[in-house]
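J.: the following comprises the amino acid sequence and a computationally predicted model.
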Amino acid sequence: MTTPPATSQVRSFPLDHHDLAATVEAKADSQLTVSVCIPARNEAATVGDVVSRIHSALVQDFALVDEIVVIDDHSHDDTSAIAKSAGARVVSAESILEEHGRGHGKGEALWKSVFASHGDVIVWVDADIVNFDPGFVVGMASPLICDPTIDFVKGHYHRPEANGTGGGRVTELLARPLLSMYFPHLAEIAQPLAGEYAGRRSLLEKVPFVSGYGVDVALLIDAANTAGIERIAQVDLGVRHHRNRTLDELGPQALAVAQAILDRAGVRPPNQPVLHRPGQAPLEVPMVERPALNTVKAYLDR
């Protein structure tokens, strides 16, 4: 495996780098279309606010977003009805690419959202953001709309709960050290595990998607490997409030992230990874990988 040197520069955009009116004008000139895709599972408490804020600011007030698609990942609450009433087109994950099985998880929902959406630019945001600002969408879409040499944009934000601007515990104790070892050109990404990012469909349809917690970093690595590090950018999205997870919850995530990075580095365990913890039952953390959509007949036949 060969990787670019650690001195490779990822372009960085500061908070409020964009001009919304100029971005909308550039979008009209380029004739690009923009989809905002939101994976959601049991997010009835927050998904309506996220969707309504995007719809009001970026569909009604400014013509930046062409569609808002919520991929309902087997929710048991009112996520679907609330998202639809707020202005989203809601698609059940289990109804998309049924021939590939009824998988679940964030990566599965992201992969299926590429199939279900139609925009030239796809912006992903999480459904559980408490302080959602439509500027998150503008910040990530603007570099792709205004600069044809950028193919993938990763968001990062200040985390009041973590008292810092870097990544969380899994990022700083696991992901960044592994990236420094195997993909040093990506270690300068402020938050490689952040769930907010955007990309061109022409790139996203060429890369596979990991179904579980490893999808965020796997997609970053694959985007850089496919498009080139010079076509990757990151943008400051300001402040995001989120729930701090317990160490018990972070264990499976950490194993999935390690598995995704090591797999991309060509280092694979002999058996299915199992998380062992004192006093708890062993937990399998499978890494299912969905194929690049440009190899899927149903996608090509849409």
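T.: Alright, I've got the coordinates.
J.: every contact and neighbour count from this point should use C-alpha atoms.
T.: Fine.
J.: where does the stretch 1-150 of the chain have low pLDDT?
T.: For the stretch 1-150 of the chain, applying pLDDT under 70 flags the ranges 1-8.
J.: quick one, strands of it?
T.: Taking DSSP state E, counting those that start in this stretch, the strands of the stretch 1-150 of the chain run over residues 11-13, 34-40, 67-72, 89-92, 121-124.
J.: which one of those strands lies closest to residue 143?
T.: strand 11-13 (8.5 Å; Cα to Cα).
J.: give the buried residues for the closest one.
T.: 12, 13 (16 or more other Cα atoms under 10 Å).
J.: neighbours of residue 300, just the number please.
T.: 10 (other Cα atoms under 10 Å).
J.: please apply the same query to residue 19.
T.: 12.
J.: pLDDT value on the residue nearest to residue 205 when sequence neighbours are not counted, please?
T.: Nearest non-adjacent residue to residue 205, counting by Cα to Cα, 6 or more residues apart in numbering: residue 293, 4.9 Å away. Residue 293 carries a pLDDT value of 98.
J.: list the contacts of residue 293.
T.: Neighbouring residues of residue 293 by Cα atoms under 8 Å, 6 or more residues apart in numbering: 115, 205, 206, 207, 208, 299, 300.
J.: could you do residue 85 as well?
T.: Residues near residue 85 by Cα under 8 Å, 6+ apart: residue 48.
J.: if we can go back for a sec, make TSV from the strands of the stretch 1-150 of the chain and add distance to residue 145 to it.
T.: Formatted as TSV, the strands of the stretch 1-150 of the chain follow (distance: least, Cα to Cα, whole Å):
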stretch	distance to residue 145
strand 11-13	14
strand 34-40	9
strand 67-72	16
strand 89-92	23
strand 121-124	8
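J.: closest one to residue 248 among those strands?
T.: Closest to residue 248 of the strands of the stretch 1-150 of the chain is strand 34-40 (Cα to Cα; 22.1 Å).
J.: for that closest one, name the packing helices and strands.
T.: On a contact count with 3 or more Cα pairs under 8 Å, 6 or more residues apart in numbering; DSSP states H and E, strand 34-40 meets strand 67-72, helix 106-116, strand 121-124.
J.: one more pass at 6 Å, please.
T.: Applying 3 or more Cα pairs under 6 Å, 6 or more residues apart in numbering; DSSP states H and E, we find strand 34-40 packed against strand 67-72, strand 121-124.
J.: would you list the buried entries among the contacts of residue 293?
T.: Taking 16+ other Cα under 10 Å as the criterion, what is buried in these is 115, 205, 206, 207, 208.
J.: can I get the residues you listed in TSV with distance to residue 271 and secondary structure?
T.: Shown next, in TSV, are those (distance: Cα to Cα, whole Å; DSSP: H, G, I helix; E, B strand; the rest coil):
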residue	distance to residue 271	secondary structure
115	31	helix
205	29	coil
206	28	coil
207	25	coil
208	21	coil
